[in-house]
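**Student:** Sequence and computational prediction follow.
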Amino acid sequence: MAKRRIGSRSGGGTPPVRTAVRNAKIATLPIAFAGRQAAGVAQRARGRSTADINLDIQMRTAQHIFEVLGELKGCAAKLGQLLALYELALPPELAEPYRRALSQLQDSAPAMMPAAVHGVLASELGRGWRWNFQEFDDRRAAGASIGQVHRAVWRDGRSVAVKVMYPGAHQSVRGDLEQLRRLSVLATVFVPGADVPAVTEAICTSVVEELDYAAEAEHQRIFAETYADDPDFVVPRVITQRGDVIVSEWLHGTPVTRVIESGAPEERDRVGMLILRFLLSSWVRTGLLYCDPHPGNFRVLPDGRLGVVDFGACVSWPHAGFEDLVSEVMDAVFNGELGDLDAALRRHGFVEPQRAYDVRAIAEGVATVTEPLAHSEFRFSTAWMRERVRYVLDPRLTNAHRQMTIPAYVTPFARALLTALGVLCQLETGGPVRGEFARWSPEMAAVFERFDSRRGEPADLGLARQLRTTAPGRRFSVVS
């Protein structure tokens, strides 16, 4: 009886793929949003403050978004995870509904039943797929937004991780994206001034690319080769990839989620700095940006190194012109005048041409966000992150940040950086953050040196410069 209930609810442990069902669920979002706005007009007429009404609309809309995406799974769940940062914009007492919805969204992905898993393996590895394994555990070892991982023993005795995509995931994800493109108006609840269609399309493109397990396996091979015998990191080697199945080496280690929950302060600092180093070093050493640095993708190995998994969200990087963006915007922030910042923001597409905005307010906001780079040592915290996000996403119409946009090509970098910042804050990481950025970006190192010189303080980047020149295996340089 239990098996029948699971099957009837989620198609045998897979995300709902019937187009009509998925579209109907997503279609409730703008309808409910419009209803809340209409109700807000009536509430204003009865004397309720605009600020209270807008906050209520935002809370109810975000809660509804999280709940619907959590039911749909697939790419909807992945996009929902990107909204997790918004929860930090609210005071703790108001953020609880978001936190509950996000927890359900990230933890309740339906498990595929063994028959469904065996069907995918037979389709991709052949009817005699069991010949490849000495052992195969039908219980899933980990879940993912569009699939799940099983532990097994390969035919040569190696412990392996077998990543299997949900049947129908291609269809359901592409269907979700078509609907979500139509719902981009809802993003104005969060950042009304953004070029929502362009950013939405960039996100959709990255999600579609995560359906390509062949590309994911190739990314993982590049990382595994680059970081082979690295003193800090381990990337499991890919053993084989066939269609919607990837088999790679199993990593034995402690999930970073456990370090967040109970790790000693020294270990939290060390792990957080390693995550930052991996993210910053990836584009320098491989030419690829690792875009999904959430805690579930990292393991602390018994020898202390950081293991990294899941390479579906990787893009070629840096984008042409990114070095100029870094040099000009960061130099304007740390060493320039308001006019320099205004020119740099307009030149790189953060402000629409001819649009008037409060550049002084933007400069003050950028200064708060880049605070970790203004000091030789810095400690992150959730309270620090919450204050910055609330400052940027303050719903008042006078908030200049809400009128800014973001160039679509910067979206992968923003996703990676914001996700990593969230992890560092959860870990409460402290350390030489600025030196780590300088180690992997000559442009930023030069900005920081000018900053220290302008303040009449001795530069503290000698160690970073030495590390940068001796960084192992530099296959790709951000210097043009």
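**Tutor:** It's in.

**Student:** CA atoms for contacts and neighbours, from now on please.
**Tutor:** OK.

**Student:** in its sheet, what does the lengthiest strand in the chain sit against?
**Tutor:** Criterion DSSP state E: the longest strand present in the chain is strand 133-143. According to DSSP bridges, strand 133-143 forms sheet pairs with strand 147-154 (antiparallel).

**Student:** for the next helix or strand after the strand it pairs with, packing partners?
**Tutor:** Next in sequence after strand 147-154, counting helices and strands by DSSP states H and E, comes strand 159-165. Counting contacts by 3 or more Cα pairs under 8 Å, 6 or more residues apart in numbering; DSSP states H and E, strand 159-165 packs against helix 114-125, strand 147-154, strand 245-249.

**Student:** how about L276, what does it touch?
**Tutor:** By Cα atoms under 8 Å, 6 or more residues apart in numbering, the contact list for L276 reads A420, E436.

**Student:** Include mean neighbour count and mean pLDDT when you put the helices and strands packed on strand 159-165 into CSV, please.
**Tutor:** As requested, the helices and strands packed on strand 159-165 are arranged in CSV below (neighbours: other Cα atoms under 10 Å; pLDDT from 0 to 100):
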stretch, mean neighbour count, mean pLDDT
helix 114-125, 17, 95
strand 147-154, 22, 94
strand 245-249, 22, 97
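
**Student:** Pull up the per-residue confidence for L418.
**Tutor:** Predicted confidence (pLDDT) at L418: the value is 84.

**Student:** same question, R174
**Tutor:** Looking at R174, the pLDDT reads 79.

**Student:** likewise the one 4 residues further on?
**Tutor:** With respect to pLDDT, E178 has a value of 74.

**Student:** one step back: what would the helices and strands packed on strand 159-165 look like in TSV with distance to A408?
**Tutor:** Below are the helices and strands packed on strand 159-165 laid out as TSV (distance: least, Cα to Cα, whole Å):
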stretch	distance to A408
helix 114-125	35
strand 147-154	27
strand 245-249	30
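
**Student:** returning to that earlier point: could you list the buried residues of the longest strand of the chain?
**Tutor:** For strand 133-143, burial by neighbour count (16 or more other Cα atoms under 10 Å) applies to F133, E135, F136, D138, R140, G143.

**Student:** With stretch 260-270 instead?
**Tutor:** Buried-residue list, stretch 260-270, by 16+ other Cα under 10 Å: I260, E267, R268, D269, R270.

**Student:** Please narrow the residues you listed to those residing in helices.
**Tutor:** Judged by DSSP state H, helices contain the following of the buried residues of stretch 260-270: I260, E267, R268, D269, R270.

**Student:** Skip the chain neighbours and tell me the closest residue to A224.
**Tutor:** Leaving aside its sequence neighbours, A224 sits nearest to V235 (Cα to Cα, 6 or more residues apart in numbering; 4.8 Å).

**Student:** ok, the one you found - contacts?
**Tutor:** Applying Cα under 8 Å, 6+ apart, the residues near V235 are Q220, F223, A224, Y227, A228, G307, V308, V309.

**Student:** Please enumerate the helices of the stretch 251-400 of the chain.
**Tutor:** Counting by DSSP state H, counting those that start in this stretch, the segments of the stretch 251-400 of the chain that form helices are 256-262, 265-286, 322-335, 338-347, 359-369, 382-392.

**Student:** For the ones you listed, give me a markdown table that also has mean pLDDT and distance to P442.
**Tutor:** Converted to a markdown table, the helices of the stretch 251-400 of the chain look like this (pLDDT from 0 to 100; distance: least, Cα to Cα, whole Å):
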| stretch | mean pLDDT | distance to P442 |
| --- | --- | --- |
| helix 256-262 | 93 | 30 |
| helix 265-286 | 95 | 11 |
| helix 322-335 | 90 | 9 |
| helix 338-347 | 93 | 19 |
| helix 359-369 | 88 | 21 |
| helix 382-392 | 80 | 27 |
